[in-house]
Every structure is written in structure tokens, then in C-alpha cells.
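Peer 1: Generate a structure from the sequence data that follows.
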Amino acid sequence: MIRQARPDDADDVVDTFIASIRTFAAFLPELHTDQEHRWFVTEVVPRDHEVWVAEEEERVVGFVAIAELMLGHLYVHPRYQGRGIGSQLLAKTKELRPQGFSLWTFPANESACRFYERHGLCPVEYTDGSRNEEKVPDVRYEWRPSF
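Peer 2: All right, here's what the predicted structure looks like:
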């Protein structure tokens with residue numbers, strides 16, 4: 001089930017974020033402590049993103065954070081990968097942003113790039129990473145609906 005996040009989802013959302021980064025983004029430098037991640041996800045992200053969660057067996061197992069024209073975050077807990085949860089969260093994003101949206105990811109995260117391309121997003125800009133916090137090359141994807 002996909003639904004809007006509630007305040008009591010915070011711990012599960014943070015756990016999903018941290019577990020995903022540790023599992024799928026080992027190529028990134030460790031810039032933040034778990035406490036800093038917790039603050040970012042619970043205090044910063046909700047300021048300018050709608051947060052939606054995927055729930056399975058009454059537990060939050062994934063989330064998406066959507067700004068005006070940007071998909072800011074999409075994470076599925078590693079234990080729940082491969083069940084279509086990411087696809088459901090991305091479908092919700094398309095439903096909520098029918099005019100289209102962009103997102104940033106890292107080419108080094110090959111599984112994320114394959115996922116987005118499989119779902120109709122196209123890479124439109126590659127950078128050397130000098131503008132992101134991690135200083136790791138990144139790629140901007142776009143989804144534009146076909147009318």
C-alpha cells in the first residue's frame with residue numbers, strides 16, 4: 001500500500017534511508033553520521049517535499065519524497081527489494097506529477113539507473129560531481145509524459 005507519510009513513520013523512513021545508503025551506495029564517501037541522516041530525513045526533507053511511504057505488513061518499507069518538479073528521494077529497504085515496491089513508488093510520483101519531473105542519481109549506482117530507464121526516464125545531464133556534496137559524478141534524469 002502507498003500512502004502519505006505520518007509523523008509516526010519517521011523511524012522506519014530513517015531506517016530505510018540509512019540501510020539503503022549502506023547497501024547500495026557504498027561508492028559514496030561517508031559524510032554524515034546516522035544522527036545527521038536522521039535529522040536530514042525528519043527535519044529537512046519534509047520542508048519542501050511531499051513524503052509518501054510504501055507499507056507492507058504494517059511496516060514502512062520504502063518511501064519517496066517529491067518536490068514541485070523534482071523527485072528528491074526514492075528508497076526501498078534492502079530487505080524488500082525486488083518486490084515491485086520501487087515501481088509502485090515511482091508510479092505514485094508520476095500520478096502526482098503528471099507534467100513530469102527530474103531526479104538526480106549517480107551513474108555508479110547502476111541498478112538505480114537501469115531502474116529509472118526501464119520506467120521511461122531519460123538521462124539528460126551528466127556532471128563531474130563538483131556541484132554535489134559527495135563530489136561524485138552524477139546524472140539528472142527526466143520523465144516527461146507523452147501526450
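
Peer 1: How much space separates Thr16 from Tyr126?
Peer 2: For Thr16, the distance to Tyr126 equals 27 Å [Cβ to Cβ, to the nearest Å]. Backbone N, C-alpha and C define where each C-beta goes, glycine included.

Peer 1: With neighbour numbers in mind, choose between these two.
Peer 2: Taking neighbours as other Cβ atoms under 10 Å, Thr16 and Tyr126 compare with Thr16 leading, 26 against 11.

Peer 1: list the contacts for the more buried one?
Peer 2: Val60, Val61, Gly62, Phe63, Tyr75, Val76, His77 (Cβ atoms under 8 Å, 6 or more residues apart in numbering).

Peer 1: Please convert these to a markdown table, extending it with pLDDT and distance to Lys92.
Peer 2: Formatted as a markdown table, these follow (pLDDT from 0 to 100; distance: Cβ to Cβ, whole Å):
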| residue | pLDDT | distance to Lys92 |
| --- | --- | --- |
| Val60 | 96 | 14 |
| Val61 | 97 | 14 |
| Gly62 | 98 | 11 |
| Phe63 | 98 | 10 |
| Tyr75 | 97 | 14 |
| Val76 | 97 | 13 |
| His77 | 97 | 17 |
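
Peer 1: most neighbours, which of these?
Peer 2: Phe63 (29 neighbours).

Peer 1: Now for Gly82, how many residues are close by?
Peer 2: 8.

Peer 1: buried stuff in the longest helix along the chain?
Peer 2: Ranked by residue count and defined by DSSP state H, the top helix of the chain is helix 10-24. Along helix 10-24, these residues count as buried under the neighbour rule (16 or more other Cβ atoms under 10 Å): Ala10, Asp12, Val13, Val14, Asp15, Thr16, Phe17, Ile18, Ala19, Ser20, Ile21, Phe24.
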